[in-house]
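Visitor: sequence and predicted model, in that order:
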There are 4 protein chains.
Amino acid sequence: MIKVGIVGGTGYTGVELLRLLAAHPQVDLRVITSRSEAGMAVAEMYPNLRGHVEIAFSLPDVEQLAECDVVFYATPHGVAMAGAGELLERGVRVIDLGADFRIRDIALWERWYGMEHTRGDLVEQAVYGLPELNREQIRNARLIACPGCYPTATQLGYLPLIEQGLIDTSRLIADTKSGVSGAGRKASVGTLLCEASESLKAYAVAGHRHQPEISEKLSLVAGHQVGLTFVPHLTPMIRGIHATLYATLKGEPGDLQALYEARYKDEPFVDVMPAGACPETRSVRGANTCRIAVHRPQGGDTVVILSVIDNLVKGASGQAVQNMNVMFGLDEQCGLEQIALLP
Amino acid sequence: MIKVGIVGGTGYTGVELLRLLAAHPQVDLRVITSRSEAGMAVAEMYPNLRGHVEIAFSLPDVEQLAECDVVFYATPHGVAMAGAGELLERGVRVIDLGADFRIRDIALWERWYGMEHTRGDLVEQAVYGLPELNREQIRNARLIACPGCYPTATQLGYLPLIEQGLIDTSRLIADTKSGVSGAGRKASVGTLLCEASESLKAYAVAGHRHQPEISEKLSLVAGHQVGLTFVPHLTPMIRGIHATLYATLKGEPGDLQALYEARYKDEPFVDVMPAGACPETRSVRGANTCRIAVHRPQGGDTVVILSVIDNLVKGASGQAVQNMNVMFGLDEQCGLEQIALLP
Amino acid sequence: MIKVGIVGGTGYTGVELLRLLAAHPQVDLRVITSRSEAGMAVAEMYPNLRGHVEIAFSLPDVEQLAECDVVFYATPHGVAMAGAGELLERGVRVIDLGADFRIRDIALWERWYGMEHTRGDLVEQAVYGLPELNREQIRNARLIACPGCYPTATQLGYLPLIEQGLIDTSRLIADTKSGVSGAGRKASVGTLLCEASESLKAYAVAGHRHQPEISEKLSLVAGHQVGLTFVPHLTPMIRGIHATLYATLKGEPGDLQALYEARYKDEPFVDVMPAGACPETRSVRGANTCRIAVHRPQGGDTVVILSVIDNLVKGASGQAVQNMNVMFGLDEQCGLEQIALLP
Amino acid sequence: MIKVGIVGGTGYTGVELLRLLAAHPQVDLRVITSRSEAGMAVAEMYPNLRGHVEIAFSLPDVEQLAECDVVFYATPHGVAMAGAGELLERGVRVIDLGADFRIRDIALWERWYGMEHTRGDLVEQAVYGLPELNREQIRNARLIACPGCYPTATQLGYLPLIEQGLIDTSRLIADTKSGVSGAGRKASVGTLLCEASESLKAYAVAGHRHQPEISEKLSLVAGHQVGLTFVPHLTPMIRGIHATLYATLKGEPGDLQALYEARYKDEPFVDVMPAGACPETRSVRGANTCRIAVHRPQGGDTVVILSVIDNLVKGASGQAVQNMNVMFGLDEQCGLEQIALLP
């Protein structure tokens, strides 16, 4: 059994981690910390966990965390940076669901996140936890930077085309739509039901923190700097991301459907839909799956990729568990076989 | 492994059965029939099942069904009545999620369902599949009549009080609220998103088919005919039933919280909430759990019970699997340990 | 033209007042105050008002307010109590959408609202602003206490039966359901889309502030203290209240449908539905209408009344404007002829 | 008073026309036809109209329609084509909310709509009813082809840039999102609440009927054939369209904000948002307004235009009434001053 700790488990990625870890046959959940809720039983905050999770939130205690085999950080940026170093030194593996170690370019990170980065050394060590891209490095990683939710859907959508050099990477357009849980579980007017339901809007058009993350990772794949316009939208649902990705084909690309099927045929969590299909976000609700379809409207030179995930699962907590499975040599699907809840 | 067949699996209780059975470690899903969709892969209709269910819908074929150990009917009323007899004769156990065998009073059934009942003999044999009430009979049953969704939430809410004779049973009021999936997956104007979202209404106030079912079963428990006013409401969500149950206490009832906790302490799928709590339907979304709270507003003689279930799970397919587990001597929780999806 | 001021217009009743007053042909909107948003253009906070409302929020200034003919308080309880007195002394009429003057029994008010009431004298003066009950007093009132949202739906539903002495008033049961806008526009976790959508729950079962308000007003009508069990529910929609009201008939009541139609035949904002109908909350979305249906399930002695309003219109801002129209001798429907938005 | 008839008023554009026309001070609503619902009072189907619309649906009768000054067709394609000719001959003006006369290229129309077009002569006569583009021709038109919902939002978004020749029109990308009411009020599984809520998907990626309409109209403005990739999405809300429009700037375009403000400064129904803003669809719910924002992310050469409308108002019935106002010399805003319902 893997001894697991969670730092900062009161948000939506936290409760989702608990849902997955409580059902994981190889996990012994030891500790979950929260400064604000220390002493409260986890199941009191999250009644769905009644009967499944018995522990209570506790104050962060490095001794307790150091006894774990792996610690997940489900915290805002800045927290993992401050605490992960000591745990790593004591031999604990760390999986960060936050943004601290995602971007290799420290100056870029500081510009977008508006704070100083104090652990450039850990950024060096960290492996970007997209198993479909980096599985081998993840196996031996001590520190994982889990991708953001939009970056997961977007990268999995673009990867086959960029790896094969089939598109003009100077002018990528990612029009992305997210459910409201992406904004987290904090009291805020903008995400009240009365503000966010029955409405749809774009936001952060001038710049969103996931744009540099996606750009950097796709540029590494492409071998040169890509140009990406990234426009996220807030949509009236709880879970789900739908990325609609546009690019211009550079020449006759051959059979794109076959390309995608081949690229992902051994991937347990990427499902290439049949030709002509359009994946629905609900088809992955609660599941660690990314479903992708590739279209070429009217046979033109614009390719359109549709990529859907559950932002809390493949976009966050499920992917974190998938990384853990890879790191500890478990079956990658262990504890992640939930079927999406539909309807 | 239990060989399982499903008759009529294209509706919401069908897809939910598939979700549960596909993950059930003791089940070998052999056949699922649909006259209208024969030949279509199940996962084509329900993309959440891609990678989990490989079979296709087939035409009903009694030979094929007769090779199963148990057959679930997820069909409108009238279908199980016509087909279950032959399967039972051939040694197959039958679990009907529909209404054909729920009500023992045939004349009453015929009045509410508007058709002749041709298998009164099977009604005699059938066991009403509410394990919290009839577990012992279910163990040896050949034919199970699964309770309706409203009846499940309502009976589990009232049982402790009626068993102990604490309330005036001549004037029960059940104000119940259901998500739209209770209306099924048929094309209909009234359940379009544009008609049923952002609105709430009562319906069938003059009479709903679940009223005689609840009355009959509670009357059996009470030992006399109960009087029940039952008003269902359609509410703008997909899953969930919330029953708000009112009754007048006959005298000083003692500690109601303790009564409920004692009644259900060994029940794996009934969760009595802490005193003062109000269960949310989302706390059971996707789970086979009924959460109940008992209140006595301002200490008066009116008792208010709040009872929530997922209508597709504890109110239908999950309860059907629970019955199967009991019938086949499995751990009652086998394959039913899903944690509710929240948020 | 009536010169109008609003105190505290940043909440949902505030924006709804603005929507109605901006379109009211007899209103000259002079001032809207907000301590927190002073200086911000109203249309910046509420983009639906772009092009319709030009003014900005300003700091509360009694001189400015005193130049108005009428001032609406759309504030939490306690605010109108502190400020209305001076305005009244200076000849301004005051319409309070909050709770300060609703309950005549000061001790009762203090118990439920948890603060001292400093203006019992104003409570004496105030007229309870339910025009269908108190139209004549409203005409001459200087100070109006607008009813709460649940109280409006509940009282309009029960009034005909209680006025005619047809029901046992010792055991009224009001099971009420509200959209989330009833909770206001304040940052809070419980009303986030991710917490309140796709779910339904009861709340405040032990006691809700609208219970004593309803009890006091119905008791006045009955001529004796009524007994009321009041259970509110939070439902996943923005607007709407559905009150499902239960009572026991004392004898053969005659034609209840005719009774309701007669009681409300001259009321412009109460619509008695045809016999057998069930009103939907969406049928009044955005309109100042209460739709009511009366049922007697299976001809028994339990009567069920269904009463729906838009909590922000007939349950708050629309009713406030209706009161203003009555007070200023305008056509009661002036500025309130909006047709509900459906779908 | 303008005598008005409606053909086919049972759908969502029909009820929306009724809501607007019932409140229009210059309209005398004479007749509304429906083959399927003849004899039913309009307010029985649409309870929001109780007390506002007294007439009943009637069978289509050309004599009755011919007595009107103007007849609106709120029908599927093919119906107006069959009936409008006779009405026009008898001097009735016709406003078609459907698709029959939108596309000038008959062969193109026939390919996309899958039927023969029998009235090419009327297509010649018809004026495309986008007042912001064609106001002068509309004044004298006998037959109006109202634009589709997506085409309205998309054209208003692109017009200023194309008129000024600022963008590369060979590679336009319109990523559009619609509420479910765009699919109409017909019984269908795909638009059930349980299928369409809590989910988001693209559809018709291979080709949607609004693509050739938009292409043709924008090409007329550009003076050459434009290239347009058009991907619509179904989103979980009732009303609203959000068009996110992408294009590449051909050079330094100057002040785009000023350009948009100048282009639309005299347009009563187009609202250019302040620089940096992102319009929400709810800000136009129930209103005949298009709100537009123009962005240039990080100052690059990709321009992003955000354009929102209520698909049933500015995208259909409101625009139809706006056309009527222009045709009959009324104030263009007459009867269209509704403020959007928010929240």
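Guide: The structure has been received and is ready for your questions. As the structure is a prediction and not an experimental result, all values here were calculated from the model.
Visitor: can we go C-alpha only for contacts and neighbour counts from here?
Guide: Will do.
Visitor: chain A: strands as residue ranges?
Guide: Here chain A has its strands, by DSSP state E, at A:2-7, A:27-33, A:57-58, A:70-73, A:93-96, A:127-128, A:143-145, A:172-178, A:201-202, A:228-234, A:241-248, A:270-272, A:290-295, A:302-309.
Visitor: in JSON lines, list those strands along with mean neighbour count and mean pLDDT.
Guide: Putting those into JSON lines (neighbours: other Cα atoms under 10 Å in any protein chain shown; pLDDT from 0 to 100) gives the following:
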{"stretch": "strand A:2-7", "mean neighbour count": "22", "mean pLDDT": "98"}
{"stretch": "strand A:27-33", "mean neighbour count": "20", "mean pLDDT": "96"}
{"stretch": "strand A:57-58", "mean neighbour count": "22", "mean pLDDT": "96"}
{"stretch": "strand A:70-73", "mean neighbour count": "27", "mean pLDDT": "98"}
{"stretch": "strand A:93-96", "mean neighbour count": "28", "mean pLDDT": "98"}
{"stretch": "strand A:127-128", "mean neighbour count": "26", "mean pLDDT": "98"}
{"stretch": "strand A:143-145", "mean neighbour count": "27", "mean pLDDT": "98"}
{"stretch": "strand A:172-178", "mean neighbour count": "23", "mean pLDDT": "98"}
{"stretch": "strand A:201-202", "mean neighbour count": "23", "mean pLDDT": "98"}
{"stretch": "strand A:228-234", "mean neighbour count": "22", "mean pLDDT": "98"}
{"stretch": "strand A:241-248", "mean neighbour count": "27", "mean pLDDT": "98"}
{"stretch": "strand A:270-272", "mean neighbour count": "23", "mean pLDDT": "98"}
{"stretch": "strand A:290-295", "mean neighbour count": "25", "mean pLDDT": "98"}
{"stretch": "strand A:302-309", "mean neighbour count": "27", "mean pLDDT": "98"}
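Visitor: wait, which of those is closest to residue B:3?
Guide: Ranking the strands of chain A by proximity to residue B:3 (Cα to Cα) places strand A:270-272 first, at 28.5 Å.
Visitor: which secondary structure elements does the closest one sit against?
Guide: On a contact count with 3 or more Cα pairs under 8 Å, 6 or more residues apart in numbering or on different chains; DSSP states H and E, strand A:270-272 meets strand A:290-295.
Visitor: and the strand it packs on with chain D, contact?
Guide: Yes: where contact is defined by Cα under 8 Å from any Cα of the partner chain, part of strand A:290-295 touches chain D, namely residue A:295.
Visitor: as TSV, the strands of chain A with distance to residue D:104 would be great.
Guide: Compiled in TSV, those are given as follows (distance: least, Cα to Cα, whole Å):
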stretch	distance to residue D:104
strand A:2-7	63
strand A:27-33	66
strand A:57-58	67
strand A:70-73	60
strand A:93-96	57
strand A:127-128	53
strand A:143-145	55
strand A:172-178	31
strand A:201-202	33
strand A:228-234	34
strand A:241-248	30
strand A:270-272	39
strand A:290-295	28
strand A:302-309	26
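Visitor: can you tell which of those is closest to residue B:59?
Guide: Distance to residue B:59, taken as Cα to Cα, is lowest for strand A:270-272 among the strands of chain A, at 28.6 Å.
Visitor: residue in the stretch 201-343 of chain A with the shortest distance to chain B?
Guide: Nearest to chain B in the stretch 201-343 of chain A, going by Cα to the nearest Cα, is residue A:283, at a distance of 4.5 Å.
Visitor: is it true that residue A:256 touches residue A:294?
Guide: Yes: with the criterion set as Cα atoms under 8 Å, residue A:256 and residue A:294 qualify as a contacting pair; they are 7.0 Å apart.
Visitor: residues in chain A within reach of chain B, list them.
Guide: A:12, A:15-16, A:19, A:46-49, A:52, A:181, A:238-239, A:282-284, A:286, A:339-343.
Visitor: out of the residues you listed, which are inside helices?
Guide: Judged by DSSP state H, helices contain the following of the residues of chain A next to chain B: A:12, A:15, A:16, A:19.
Visitor: of these, which is the nearest to chain C?
Guide: For those, with chain C as the reference and Cα to the nearest Cα as the criterion, the closest is residue A:12, at 9.3 Å.
Visitor: residues contacting that closest one?
Guide: Taking Cα atoms under 8 Å, 6 or more residues apart in numbering or on different chains as the contact definition, residue A:12 lies against A:181, A:184, A:185, A:312, B:343.
Visitor: what does the stretch 51-200 of chain A put close to chain D?
Guide: On the criterion Cα under 8 Å from any Cα, chain D has as its neighbours in the stretch 51-200 of chain A the residues A:175, A:194, A:195, A:197, A:198, A:199, A:200.
Visitor: so which of the contacts of residue A:12 is the most crowded?
Guide: Counting neighbours by other Cα atoms under 10 Å in any protein chain shown, residue A:312 leads these with 30 neighbours.
Visitor: I'd guessed that one sits against residue A:239; true?
Guide: Yes: shown here, residue A:312 and residue A:239 form a contact pair, counting by Cα under 8 Å, at 7.1 Å.
Visitor: pLDDT weak spots in chain A?
Guide: Across chain A, not a single residue meets the criterion (pLDDT under 70).
Visitor: domain map for it?
Guide: Following automatic domain parsing, one finds the domains of chain A at A:2-125, A:150-311.
Visitor: next, the buried residues of the lengthiest helix in chain A.
Guide: The single longest helix within chain A, with elements called by DSSP H, is helix A:149-163. By neighbour count, and taking 16 or more other Cα atoms under 10 Å in any protein chain shown as the criterion, the buried residues in helix A:149-163 are A:149-162.
Visitor: quick revisit: closest one to residue D:267 among the strands of chain A?
Guide: Across these, the minimum distance to residue D:267, taken as Cα to Cα, is reached by strand A:201-202, at 22.9 Å.
Visitor: which among the residues of chain A next to chain B end up buried?
Guide: Going by neighbour count (16+ other Cα under 10 Å), the residues of chain A next to chain B have A:12, A:15-16, A:19, A:46-49, A:52, A:181, A:238-239, A:282-284, A:286, A:339-343 buried.
Visitor: settle this for me: residue A:113 is touching residue A:207, isn't it.
Guide: No: if you go by Cα under 8 Å, residue A:113 and residue A:207 don't touch, sitting 11.6 Å apart.
Visitor: what do those two both touch?
Guide: Residues within reach of residue A:113 and of residue A:207 at once, by Cα under 8 Å, 6+ apart: there are none.
Visitor: tally of neighbours for the spatially closest residue to residue A:146 that is not a sequence neighbour?
Guide: Closest residue in space to residue A:146, ignoring its immediate chain neighbours: residue A:129 at 4.7 Å, by Cα to Cα, 6 or more residues apart in numbering or on different chains. Other residues lying near residue A:129 total 28 when counted by other Cα under 10 Å.
Visitor: isn't residue A:221 right up against residue A:165?
Guide: No: under the criterion of Cα under 8 Å, residue A:221 is not in contact with residue A:165, lying 9.7 Å apart.
Visitor: my guess is the residue nearest to residue A:146 contacts residue A:321, does it?
Guide: No: because the distance of 10.4 Å does not satisfy Cα under 8 Å, residue A:129 is recorded as not touching residue A:321.
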